[in-house]
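S.K.: Sequence and predicted structure, then a few things I'm wondering about:
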Amino acid sequence: MKNKEPLVHLVKRSDISSGKAWIIRGIAILASLVFCGLLTLAIAKVNPIKLYSAMFEGNFGSKRRIWVLLSNISALLGLSIAVTPAFKMRCWNLGAEGQCLAGALATTACMILLGGKVANPLLWAIMLVSAVLAGAIWGFIPAFFKARYGTNETLFTLMMNYVATQLVAYFIVIWETTKGSANIGVINQRTEAGWLPVIGGQRYLLNVLIIAALTIFMFIYLKYTKHGYEIDVVGESEKTARYIGINVRNVIMRTMLLSGAICGVCGWLLVGSTNHTLTTSLTSGYGFTAVMVSWLSRFDPLIMIFSSFLLIFMNKGASEVASSLSLNESYGDILTGIVLFFLIGCEFFINYRVIFRKKNAEVSEKKEA
Amino acid sequence: MNALIAFLSRAIVQSIPLLFGSTGEILTEKSGNLNLGIPGIMYVGAISGVIGAFPLQQRITAGEAVSPFAVIMIPLLCCLFASLLMGLLYCFLTVTLKANQNVTGLAMTTFGLGFGNFFGGSLIKLSGSNAPAIVLTDISLIYSRSIADKNTAGPIGKLFFSYGFLAYLAIIIAVTAAYILKKTRIGLNLRAVGENPATADAAGINVNRYKYVATCVGSMTAGLGGLFYVLDYASGVWSNGGFGDRGWLAIALVIFSLWRPAVAIGASIVFGGLFILNAFIPSGTNLAIKEIYKMAPYVVTIIVLIISSMRNKKDKQPPASLGLAYFREER
């Protein structure tokens, strides 16, 4: 008989130990680093050891650099935390960008309109509340239609990003400092009204602390609360969820509200603490990177700390190296993309076992035994 | 009247990159792959065309004679080849390795934008030339050569015959795609794969092959949109970020045209019109309102998305298995 069995065949596996899975991911990361090194050697004639030591220097070289690194990590981590509950429910919230901008816009509005009129601590609170509301509303709109009519949330949230971007662009023109500059400059530069407090002399420490708190909150929320359990069940199977009496619609809307609200907090931090200004590129695309961070970390907030570190390290490091060679700093995005491809690809080896066709004899031998 | 003609012809020029992108994405989505890497692929297509054209332009500037055929074919092939590679990468990750499509697509967009901006910003330094900027005027002259001169032609000539050849190619591709999807066996099979791959598989259709081919052809089509943008619309001048959000608009357009390439032709002109609307509506001194007009394509898309899901008509929905990897043994 002719052997009709295909050359390779795949078996889904659910039994892989988490240790083994992390070894596979570690190998993928190493492989991607080697690949990035070789690519840089080919394009810019920089040897890999020099590349990575320069990257290390670029990220950790001085106290200031470390703080910038931490600030970037907290921005990315914050958004990753934000999209995670929605993802866990299989609700693809690609709208972190827009929800964060909505929060940032609300924060800016408070700072400009109320700056100097109310005491700073009260203003901080008003800024936070309005940012959370704005982000939550931005997340709720697609969630409402998904829950009610099954509207595709991937595409809806994606479009909401650009609506938010244009809204921000609109207000930037309204608030611009000099006519036609499309730039609102530093908000309340003289009075510093609404600027979030600088803790311990470090401007970014507040961001780090708040995001750290949110990370721990999300870890507990997903793992140990009833809400977290409901999210889990809805994500696994909507029908099961309905069967055990979970109101799927409410869970979807509630979770997206939370998701948007945390994005709003990130917007609050970005305007109130990090930048003190509003631009349409405020989020530097982290809303999209967050999607990948969350997914690659298997929706585990603690692992996201490492993933966001890895991506920021590669991106900023490579940008730094490229700039120093007077090449374009977008090189960081290329390397980020490559690391992501490797990590995305390696999931396959975690989820599936590849079995090659055995020789006929072997197969029949086994059958007899 | 003249203003209307001018508006329409500009809307059509704007619509071409969107039409390429959305036709490509429709083909891709019909196979069940939601390729969010399209914006990145369009960047890669554009910059690869530029990389192919750059040495040619150098030679023309130096006074060498280069045949128009080579001027057209070399950037075109570079663009197609690079877009094909991107399509293959997407398929390898999502079809063969069954990775999550959203994540893969976004990673490709990150990579593609980075690729475009990096080479756009560094090509001159890397190639060791002393040109001050990437300006491919002579290449662009051939790409944008039209039957009727857009400045002197009458209304008919201006409206229908004042575009470069890629514009007509976009329409031909869209019409062909519509025909294939609707009237041929291949199209029927492709739609089956996108709707229900398990059933298609049972019917003896090679699901993976269809997904690969549709996605790769889709990528190449989308890449041409980038090429049109830089070598025709932008007169051969590359500026980082100049292409903007057109890739995402192309994805929005797929929804707006309800997954039909033929509808996409008209819809892309509507989008093109919405895209430049802000330049035509007299806003006086109120410049801010222009930013609100720019919101229009996205808002319209959202409305279409909501209405089509509310009415829940079977023929106006996304392919049923859109976004899901197919694994034969999981049924």
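M.R.: Here it is on my side, so go on.

S.K.: Low-confidence ranges, the stretch 51-200 of chain A, go.
M.R.: Across the stretch 51-200 of chain A, the ranges flagged by pLDDT under 70 are A:180.

S.K.: what helices or strands is the one helix or strand residue B:49 maps to leaning on?
M.R.: Applying DSSP states H and E as the criterion places residue B:49 in helix B:38-61. With contacts defined as 3 or more C-beta pairs under 8 Å, 6 or more residues apart in numbering or on different chains; DSSP states H and E, helix B:38-61 has these neighbours: helix B:2-30, helix B:68-91, helix B:101-126, helix B:137-143, helix B:207-228, helix B:246-256. (Each C-beta comes from the backbone N, C-alpha and C, glycine too.)

S.K.: so residue B:100 makes contact with residue A:295?
M.R.: Yes - in this structure, residue B:100 is within contact of residue A:295 by C-beta atoms under 8 Å, at 6.1 Å.

S.K.: More neighbours: which of those two?
M.R.: residue A:295 (26 against 22; other C-beta atoms under 10 Å in any protein chain shown).

S.K.: Is it correct that the more buried one falls within a helix?
M.R.: Yes - the assignment for residue A:295 by DSSP: H, G, I helix; E, B strand; the rest coil puts it in a helix.

S.K.: so what's the residue nearest to it when sequence neighbours are not counted up against?
M.R.: Once flanking residues are discounted, residue A:295 sits nearest to residue B:103: 4.7 Å by C-beta to C-beta, 6 or more residues apart in numbering or on different chains. Contact analysis of residue B:103 by C-beta atoms under 8 Å, 6 or more residues apart in numbering or on different chains lists A:291-292, A:295-296, A:340, A:344.

S.K.: between those, which is nearest residue B:278?
M.R.: The closest of the contacts of residue B:103 to residue B:278 turns out to be residue A:291 (C-beta to C-beta; 30.0 Å).

S.K.: ok, the closest one to residue A:299 distance?
M.R.: To residue A:299, residue A:291 is 11 Å away according to C-beta to C-beta, to the nearest Å.

S.K.: what touches both of those two?
M.R.: Common neighbours of residue A:291 and residue A:299 (C-beta under 8 Å, 6+ apart) are residue A:87.

S.K.: from memory residue A:258 sits against residue A:85, does it?
M.R.: Yes - contact criterion C-beta under 8 Å: residue A:258 and residue A:85 qualify, at 5.7 Å.

S.K.: and residue 280, how many residues sit next to it?
M.R.: Answering for chain A, as no chain was given. Neighbours of residue A:280 (other C-beta under 10 Å): 16.

S.K.: Please refer instead to chain B.
M.R.: 15.

S.K.: so what's the closest residue to it other than its chain neighbours up against?
M.R.: Using C-beta to C-beta, 6+ apart and skipping residues adjacent in sequence, the residue nearest residue B:280 is residue B:7, 5.6 Å away. Applying C-beta under 8 Å, 6+ apart to residue B:7 gives the contacts B:273, B:276, B:280.

S.K.: Dump the residues you listed into TSV; add distance to residue B:221 and secondary structure as well.
M.R.: Putting those into TSV (distance: C-beta to C-beta, whole Å; DSSP: H, G, I helix; E, B strand; the rest coil) gives the following:
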residue	distance to residue B:221	secondary structure
B:273	22	helix
B:276	23	helix
B:280	29	helix
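
S.K.: quick one: the helices in the stretch 151-300 of chain B?
M.R.: B:155-160, B:165-183, B:185-195, B:197-202, B:207-228, B:246-256, B:261-280, B:288-293, B:296-311 (DSSP state H, counting those that start in this stretch).

S.K.: same question, the stretch 1-150 of chain A
M.R.: A:18-44, A:48-60, A:63-88, A:96-114, A:120-149.

S.K.: Tell me which residues of the shortest one come out buried.
M.R.: Looking back up the chat, that one is helix A:48-60. A:51-52, A:54-55, A:58-59 (16 or more other C-beta atoms under 10 Å in any protein chain shown).
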